[in-house]
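A.B. asks: fold the following, please.
(one chain, ligands or ions: 1)
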Amino acid sequence: MNSTQSYYTDAQPVERTSQPLLTAILAVAASLLILEQAIYKYKKGHLPGPSWSIPIIGRFADSLNPSLENYMSGWKLGDLSAVSVFNIFIVQAAKNEYSRKIFSSASYAEPCLVASAKKVLDPNNWVFLNGKVHSDYRKGLNVLFTRRALSSYLPIQESIYRKYFDKWTRDATPKSYMMSMRDLNMETSLKVFCGEYIPQHAQDDISAKYWLITVALELVNFPFAWPGTKVYKAIKARKVAVKWFEHASAQSKERMSNDAEPECLLDHWTKAMHEAKNNAHTDGSSKVLRAREFSDNEMAMVVLSFLFASQDAMTSGVVYIFQLLADHPEVLGRVREEQYRVRGGDVDSPTTLDMIDQMTYTRACIKESLRIKPPVIMVPYLTKKPFPINADYTVPKGTMLIPSIYPSLHDPAVYGDPESFRPERWLPDANGNPSDAEKAAANYLVFGHGPHHCLGKEYAVLHMTALIGSASVLMDWEHIVTPQSHNVEVIATIFPKDGFVAKFNKRESIA
Ligand code: HEM
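C.D. replies: Numbering: from 1, shown residues only. So this is what the prediction gives:
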């Protein structure tokens, strides 16, 4: 037998055993693919959406490059529509009634952040709580955004605004301002939350490292936190930040034990804890706080969650209000008029909460800017059990159910000419009666709705109002419109695609 013969002789048995194996594998694969389609069709029922799912990956390509146009085409399909991505069955709600129902049906659905969020933010973070334990925890945090607390944050905010205004006006060459506005927000948040307890070099370090957290919160990520991966780097960044926040909490507790004046959010928190403890038998209102003594680690996790919840949304809000005002000089003119009036012509007078209350037109601009460009366009939820959302359809358990925010804010039946920036729509009539837009509060989903609605919304609006108020009297700015200025980039929140190219100049004269 020569070598060729031996080759053929040996090969035949292998072929005989491999063929049935291959056929079996193909048969199993084909059955799985058919099963995948059958499950998708069964879950989808009569809902609009693709009638079959791309095998295994579904609409993965869309989620890699999310765009407002893609979301809009989904919303246009119907009040509820279905799609599948990597075998995750997704139902999107476009109609206001359904979005509100999802937001407020805690027994059926709970917020679900992207898969990497638990690893990045720590599974023990309070943001992952739900139900009663969540609402009890939240009650303990209300003291951080009382009027008294908010008014003590204002001087801190203003000092940082002025620092950035100086920086922006020193170099008036046009450039993209998105990242600098992000830095302004980060610095403001860290100082408002932790005061002087974190030294400047550590604040700079946290600010730089926090970017690693932002980029790791993609929709789809490498599933293991191995060295070198984005999630691994983000976890390391979180550990550094949390260590500093724990240090700040401990320092605050020590300082406030000597009856010091609160200078930041942590101080208000420790003070409230002391008061609740000391008034344990007399002050009924402090019952909830009395039950909750927060540890340094818990306080640190809350600060981290605030940064996480606010950083990108605030930056989106700030970028768009600067852009919209530059694009509508007549509106900016009215903001200025109001600001000079409220400040009695003195642009250096410190902003107070009473002044903010008088800034009716400026606040209307913020409200309108958040309506026309809502930073968060939808929030993913997950169904815990079958959810009979209407008489015709029950959302299956384990569905990613997405209440949308954007369509409610652009509903022409509620906001006439919805694509126009018209702050006037929020102003009361001549008799002081609320406007139609104001009366339609159910549509204003900018900050969500129900048990998880935004905890920082008063602070967010205060920050934007104070920032724009000061900016309008201290600076002139020009939007350098590029072909991408009015295109929207979706990076969890929304931004102008060119990052808002502008130039700022010091404003010398009173108009
Ligand atoms: C313009 C700025 C902001 C926007 C548009 C925004 C929007 C939102 C939205 C849509 C949600 C989800 C609500 C839901 O599921 O019903 C949310 C949750 C939350 N936001 Fe904001 N937010 C902003 C700023 C802030 C700030 C400044 C803070 C903290 C200081 C904050 C803290 C939170 C927290 C803690 C949650 C989760 C609440 C919970 O699960 O109980 N947000 N926000």
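A.B. asks: in terms of secondary structure, what does the strand or helix carrying Val331 contact?
C.D. replies: Assigned by DSSP states H and E, Val331 belongs to helix 329-342. Counting contacts by 3 or more CB pairs under 8 Å, 6 or more residues apart in numbering; DSSP states H and E, helix 329-342 packs against helix 296-327, helix 360-372, helix 457-474. (Each C-beta comes from the backbone N, C-alpha and C, glycine too.)
A.B. asks: identify the residue spatially nearest to the spatially most central residue of the chain, adjacent ones excluded.
C.D. replies: Closest to where the C-alpha atoms of the chain average out (CA atoms, centre = their mean) is Ala313, at 4.4 Å. Nearest in space to Ala313, with sequence neighbours left out and distances taken as CB to CB, 6 or more residues apart in numbering, is Pro375 at 4.1 Å.
A.B. asks: okay, Ser285: pLDDT?
C.D. replies: pLDDT for Ser285: 52.
A.B. asks: the helix holding Val331 versus helix 296-327: what angle between them?
C.D. replies: 120 degrees (axes from the mean of the first three to the mean of the last three CA atoms, to 10 degrees).
A.B. asks: mean confidence (pLDDT) on helix 329-342, please.
C.D. replies: 98.
A.B. asks: ok, the closest residue to the ligand within the stretch 1-150 of the chain to Met314 distance?
C.D. replies: Closest to the ligand within the stretch 1-150 of the chain is Phe103: 4.7 Å, counting by CB to the nearest ligand atom. Remark: distance between Phe103 and Met314 (CB to CB, to the nearest Å) = 21 Å.
A.B. asks: next: His201.
C.D. replies: For His201 relative to Met314 (CB to CB), the value is 23 Å.
A.B. asks: which one of these two has more residues nearby?
C.D. replies: Set side by side, His201 and Met314 show more neighbours around Met314, with 26 against 8, by other CB atoms under 10 Å.
A.B. asks: tell me which element the nearest residue to the more buried one once chain neighbours are set aside is part of?
C.D. replies: Excluding its sequence neighbours, the residue lying closest to Met314 (CB to CB, 6+ apart) is Asn185, at 4.6 Å. Taking DSSP H and E as the criterion, Asn185 maps to helix 178-194.
A.B. asks: list the buried ones in the helix holding Val331?
C.D. replies: Neighbour counts over helix 329-342 (16 or more other CB atoms under 10 Å) mark Val331, Leu332, Arg334, Val335, Arg336, Glu338, Gln339, Tyr340, Val342 as buried.
A.B. asks: state the distance from the fifth one to Gly74.
C.D. replies: Noted for Arg336: a distance of 40 Å to Gly74, by CB to CB.
A.B. asks: before we move on, what about Pro396?
C.D. replies: Counting by CB to CB - Pro396 and Gly74 are separated by 18 Å.
A.B. asks: please apply the same query to Val376.
C.D. replies: Taking CB to CB, one finds Val376 at 16 Å from Gly74.
A.B. asks: Ser310 too?
C.D. replies: 27 Å.
A.B. asks: near the ligand, which residues of this structure?
C.D. replies: 103, 111, 127, 138, 305-306, 309-310, 313-314, 317, 375-376, 379, 446-450, 452-456, 459-460 (CB under 6 Å from any ligand atom).
A.B. asks: are any of those residues buried, and which?
C.D. replies: So, by 16+ other CB under 10 Å, the buried ones in these are 103, 111, 127, 138, 305-306, 309-310, 313-314, 317, 375-376, 379, 446-449, 452, 454-456, 459-460.
A.B. asks: give me the number of residues near the closest residue to Asp183 other than its chain neighbours?
C.D. replies: Among residues not flanking Asp183 along the chain, Ser207 sits closest, at 6.5 Å (CB to CB, 6+ apart). Using other CB under 10 Å, Ser207 has 19 neighbouring residues.
A.B. asks: so which elements touch the helix or strand containing Ser207?
C.D. replies: Assigned by DSSP H and E, Ser207 belongs to helix 200-216. Packed against helix 200-216 by the contact rule (3+ CB pairs under 8 Å, 6+ apart) you find helix 117-121, helix 178-194, helix 230-256, helix 296-327.
A.B. asks: can you pull the contacts of the closest residue to Met178 other than its chain neighbours?
C.D. replies: Sequence neighbours aside, Gly499 is the residue nearest to Met178 in space, at 3.7 Å (criterion: CB to CB, 6+ apart). Residues near Gly499 by CB atoms under 8 Å, 6 or more residues apart in numbering: Ser176, Tyr177, Met178, Met179, Val319.
A.B. asks: any idea which of those is closest to the ligand?
C.D. replies: Val319 (10.9 Å).
A.B. asks: excluding sequence neighbours, find me the nearest residue to the closest one.
C.D. replies: Phe500 (4.9 Å).
A.B. asks: would you mind measuring from the one you found to Arg182?
C.D. replies: Relative to Arg182, and taking CB to CB, Phe500 is found at 11 Å.
A.B. asks: tell me if I am right that His46 is in a strand.
C.D. replies: No: counting by DSSP: H, G, I helix; E, B strand; the rest coil, His46 is not part of a strand but coil.
A.B. asks: surely it is in contact with Thr394?
C.D. replies: No: counting by CB atoms under 8 Å, His46 does not reach Thr394; the two are 11.7 Å apart.
A.B. asks: neighbour count winner among these two?
C.D. replies: Thr394 (17 against 9).
A.B. asks: for that one, what are its contacts?
C.D. replies: Pro386, Phe387, Pro388.
A.B. asks: partner residues bridging it?
C.D. replies: Counting by DSSP bridges, Thr394 is bridged to Pro388.
A.B. asks: ok, it to the ligand distance?
C.D. replies: In this view, Thr394 and the ligand are 22 Å apart by CB to the nearest ligand atom, to the nearest Å.
A.B. asks: for Lys243, same thing?
C.D. replies: Lys243 is 21 Å from the ligand, where distance means CB to the nearest ligand atom.
A.B. asks: state the distance from the closest residue to that residue other than its chain neighbours to the ligand.
C.D. replies: Spatial nearest neighbour of Lys243, chain neighbours left out: Ala300 (8.0 Å); criterion: CB to CB, 6+ apart. In this view, Ala300 and the ligand are 14 Å apart by CB to the nearest ligand atom.
A.B. asks: look at Ala300 and say how many residues are nearby.
C.D. replies: 25.
A.B. asks: and Pro396, by the same measure?
C.D. replies: Neighbours of Pro396 using other CB under 10 Å come to 18.
A.B. asks: which residues sit in contact with it?
C.D. replies: Lys43, Phe89, Thr383, Pro386.
A.B. asks: most widely separated two among those residues?
C.D. replies: Pairwise distances among the contacts of Pro396 were taken by CB to CB; the largest, 12.5 Å, belongs to Phe89 and Pro386.
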